[in-house]
Structure formats: structure tokens, C-alpha cells
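In: any chance you can model this:
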Amino acid sequence: MPRFAANLSMMFNEVPFLDRFDAAAKAGFSAVEFLFPYEHSPDEVGQRLHGNNLTQALFNLFPGDWSKGERGFAALPDRFADVQNSVQQALPYAAATGVKRLHLMAGIADRRDPKAVDAFRRSVAWTAEALAKENIDLMLEPINPRDVPGYFLNDFDFAASVINDLKMPNLKLQFDIYHRQIVHGDVTMALRQMMPMIGHIQIASVPSRNEPSAEELNYPFLFDELDRLGYGGFVGCEYRPKGKTAEGLGWFAPYAAKSKTGARP
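Out: As a prediction, this is how the structure comes out:
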């Protein structure tokens, strides 16, 4: 059974960020993820995490000024220094949480531009090498163009080609089922094909991005498929609750007890 990680950037928004660790543990989660921890100190985040006996599944490297539309730097030829700085900024949080997976955002850029492609490959290779020294995997996540127009990494096949070409053991695919369904569909066959390179999975309903309990996708089937494929990683619950988070956890109830022992850290 996959081990579910509550996404604290989207879930439990009824309480301040640091209090969401308590709320996730109370709801039965044994792992969490979030987008960015950088508004709080590494010690604050680590204390809340470990105080609730939670595992940190994932977080993102610093993406720039989110309010101004920045979504990372990796594909921006003149922002390589920002990529490097984002790794140094993340490492104290990685040490405080024990996280083993970090996501590098690509940024807003045209994938038809050879300079952007070269910048992305350079950034990915450098970051993966730097994180390997810390025993951390680097995640690449394709994001659909409906949610983030103009995002450079908007194709799963291109992401897979970069991973295959670079052949770095700690470079993995972050397979968000929500994004996959919108961009390409054919979720189950893609999971079967790409499983050897998948390092993290995320879920949400399509098209609403609410609880994974209705609409286009049959999540009970997909969870069983992950078992059939031998997936031992985390499944991040990166969805927006329709109402209060706890009231929408009916989908999670059958898995709550089993999820505590269903994945490696």
C-alpha cells in the first residue's frame, strides 16, 4: 500500500502553516510534503515535523518571486547562479527534516529555444550532482500548461529523455497523476512504462484538483496498480480540499492505518 503524504501547502489551510504538521498527524498521516518551507526557520520546521513523528517526503527548491510569476530558474540561461543559490538555501532544511527528495522547478521558458534546453540540462546535471553528495534525489516534475502557462517542463516524454540521457542515479521523475492526465492521459500505461525512473507520485482529482475521490480517474484502481508495480515510494496528496480538509478525508480512511507502514522513508 502506498504511503500517503499530506501536502501542507494545499491541505489543512484552516490553521497556520506550522500547525498543519499537528493536523496532518492527527488525521492519520505519517508523512508530509509542501511546496516551500522558506518563510520559517529550518529548526521550526524540523521541530514540528519530528515532534509529530512525521517523515518529510518532499519539498521544492526556492523558485524565485512567486508573486511576480517566477516558477523556478533551471531553464533560464541567465539564472544559473540562482539555481546554485537555491540548493544552498535548501540544504539546512534538508538537514533539519531528513528529506531525501527535492524538486527543481524549470521556470517559464520556451522549450523550442535551444538555449533554454541547454540551460535546463546544465542546471539539472549540476543540481543532481550537488544533491548526490547529500544522499538526496533530485525530482523533475512536468506541469500542465493549463495550471502554469508557459512552463518549460510541460511534457513527460521530454522529462524522461533528460533523465535517460543524463544517467545520474539520483535523478528521478516526479509523476503527478493530475498533471499527467491533463497533458497526456494514458496514466496507467505511463506508470507501467516509467516506473523505473519514478521517485515520487502525487494525486488529485481531474479536472477540479480536489480530493482524489471522483471525476475522471479511478484512484482505488491506480493505488492497486502501484502495488502491482511494486512502487515503494510516497504518494503526495497535492490537492485543494473542497471544504475543511478533515471533512474531505473519506477517501483516505480505508488506507490510513496501512499507509503508516506502506513505504520506505
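
In: so the residue nearest to Leu166 when sequence neighbours are not counted is in which element?
Out: Excluding the flanking residues, the one nearest Leu166 by Cβ to Cβ, 6 or more residues apart in numbering is Ala125, at 5.7 Å. For the C-beta atoms, the positions are set from N, CA and C on the backbone; glycine is no exception. Assigned by DSSP states H and E, Ala125 belongs to helix 114-132.

In: next SSE after that helix?
Out: Per DSSP H and E, the helix or strand that comes after helix 114-132 is strand 137-140.

In: so what touches that following strand?
Out: The contact list for strand 137-140 (Cβ atoms under 8 Å, 6 or more residues apart in numbering) reads 58, 100-104, 106, 124, 127-128, 131, 153, 159, 162-163, 168, 170-174, 199-200.

In: and the average pLDDT for the helix holding Ala125 is what?
Out: Averaged over helix 114-132, pLDDT sits at 98.

In: show me which residues of it are buried.
Out: Using 16 or more other Cβ atoms under 10 Å as the test for burial, helix 114-132 gives 116-117, 119-120, 123-128, 130-131.

In: likewise for stretch 75-83?
Out: Neighbour counts over stretch 75-83 (16+ other Cβ under 10 Å) mark 75-77, 79, 82-83 as buried.

In: export the helix holding Ala125 as CSV, just CAs?
Out: The C-alpha trace of helix 114-132 is given here as CSV (Å, rounded to 0.1, in the frame of the first residue of the first chain):
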residue,chain,number,x,y,z
PRO,A,114,17.9,25.6,-27.7
LYS,A,115,19.4,28.0,-25.1
ALA,A,116,16.6,27.2,-22.7
VAL,A,117,17.1,23.4,-23.3
ASP,A,118,20.8,23.7,-22.7
ALA,A,119,20.3,25.8,-19.6
PHE,A,120,17.9,23.2,-18.2
ARG,A,121,20.2,20.3,-18.8
ARG,A,122,23.1,22.1,-17.2
SER,A,123,21.0,23.1,-14.2
VAL,A,124,19.7,19.6,-13.7
ALA,A,125,23.1,18.0,-14.0
TRP,A,126,24.7,20.4,-11.6
THR,A,127,21.9,20.1,-9.1
ALA,A,128,21.7,16.4,-9.2
GLU,A,129,25.5,16.1,-8.7
ALA,A,130,25.3,18.6,-5.7
LEU,A,131,22.4,16.7,-4.1
ALA,A,132,24.1,13.3,-4.6
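
In: please enumerate residues in contact with it?
Out: Contacting residues not belonging to helix 114-132 are listed as 61, 73-77, 79-80, 83-84, 87, 102, 104, 106, 109-111, 137-138, 140, 152-153, 162, 165-166, 168-171 [Cβ under 8 Å, 6+ apart].

In: any of those residues buried? List them.
Out: Using 16+ other Cβ under 10 Å, the buried ones in the contacts of helix 114-132 are 61, 73-77, 79, 83, 87, 102, 104, 106, 109, 111, 137-138, 140, 152-153, 162, 168, 170-171.
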